[in-house]
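Undergrad: next comes the sequence, and after it the predicted model I'd like to discuss.
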Amino acid sequence: MSRRVLIIDDEEDIREVAALSLETVAGWDVLVAASGAAGIIKARESHPDAILLDVMMPGMDGPTTFRELRSLPETANIPVILLTAKVQAADQKRFSDLGVVKVMFKPFDPLVLAQEIAATLGWQEI
Amino acid sequence: MTEDAAAKIAARLSELWRTSRPTVLERLNLLRSACDSLAQNPADEEARATGREAAHKLSGVLGVFGLPQGSEIAASAEHRLMSPEPLTADDLSGLRERIADLDAVIASKPEG
């Protein structure tokens, strides 16, 4: 089954490597956005099966973007995985308490990123 | 994952590293400049924020390109810049060591 995943990250190299991983390893369709605001628009338009969302972005950061996604009927139920560089335990708990499916850490391994996302979301096709 | 997929990812990562490496070096220079500014004024919040952000981004990206030790070193530099207290001479010395270590790690992976 083909899945569609939206990657929201302000860093181009991270977007490219994550997209490469998900497309090549899992064969998923990947959409990308370089900011929280652009990601919300893309999520509303394309209804992805999941969103990989960076925490630290200029302007609208990851947690703010997540809350906005949750407030919109058309995106409220899309599972969101937060992606962040390693943080202290208190920050990790704060992110988890937002209601995201999981907090994943950069740097990720491009060879296993897709499997980790699939396992998190219960997608068994890869 | 198939061997073909792994080879494709490795080849593309090599290409991406070629285009990302200048940005990585730019971030390292930002961290170095921040460290120099903090040596002049340990309470310089703007320099601290710039250095912290540069270290954070380096921490996130270096491991993706097969340099996990670089991510660890950058995370350590970021951690040193997170304290609200003005940096001590020891803190600055530690930061300079990490910047030198990051220089060496990045130099170990040429453009390819």
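TA: Ah, there it is. Model, not experiment: these values are computed from the prediction.
Undergrad: the one helix or strand A:Leu82 maps to: how far from the chain's middle?
TA: Using DSSP states H and E, A:Leu82 sits in strand A:80-85. Centre-to-centre, strand A:80-85 and its host chain are 6 Å apart (C-alpha atoms, centre = their mean, to the nearest Å).
Undergrad: which strands and helices lie in contact with it?
TA: Here strand A:80-85 touches strand A:50-54, helix A:62-71, strand A:102-106, helix B:45-62, helix B:68-82, going by 3 or more C-beta pairs under 8 Å, 6 or more residues apart in numbering or on different chains; DSSP states H and E. For the C-beta atoms, the positions are set from N, CA and C on the backbone; glycine is no exception.
Undergrad: isn't A:Asp54 up against A:Glu11?
TA: Yes. Contact criterion C-beta atoms under 8 Å: A:Asp54 and A:Glu11 qualify, at 7.3 Å.
Undergrad: burial check on the residue of chain A found nearest chain B, number of neighbours?
TA: Chain B sits closest to A:Pro107 of chain A, with a gap of 2.6 Å, by C-beta to the nearest C-beta. Here the count is done by other C-beta atoms under 10 Å in any protein chain shown, and A:Pro107 has 25 residues near it.
Undergrad: contacts only, for it.
TA: Neighbour list for A:Pro107: A:85, B:59-64, B:68, B:71 [criterion: C-beta atoms under 8 Å, 6 or more residues apart in numbering or on different chains].
Undergrad: let's see that with 7 Å instead.
TA: The contact partners of A:Pro107, by C-beta atoms under 7 Å, 6 or more residues apart in numbering or on different chains, come to B:60-64, B:68, B:71.
Undergrad: which ones among those come in contact with chain A?
TA: Contacts with chain A within these, counted by C-beta under 7 Å from any C-beta of the partner chain: B:60-64, B:68, B:71.
Undergrad: of those, buried ones?
TA: With burial judged by 16 or more other C-beta atoms under 10 Å in any protein chain shown, the buried subset of the ones next to chain A among the contacts of A:Pro107 is B:60-64, B:71.
Undergrad: quick one: low-confidence ranges for the chain?
TA: Picked chain A for this. A:1, A:86-89, A:125-126 (pLDDT under 70).
Undergrad: actually it's chain B I care about, not the one you picked
TA: B:112.
Undergrad: related to what we said a few turns ago, including distance to B:Asn29, could the helices and strands packed on strand A:80-85 go into CSV?
TA: What follows is the helices and strands packed on strand A:80-85, written out as CSV (distance: least, C-beta to C-beta, whole Å):
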stretch, distance to B:Asn29
strand A:50-54, 23
helix A:62-71, 27
strand A:102-106, 21
helix B:45-62, 8
helix B:68-82, 13
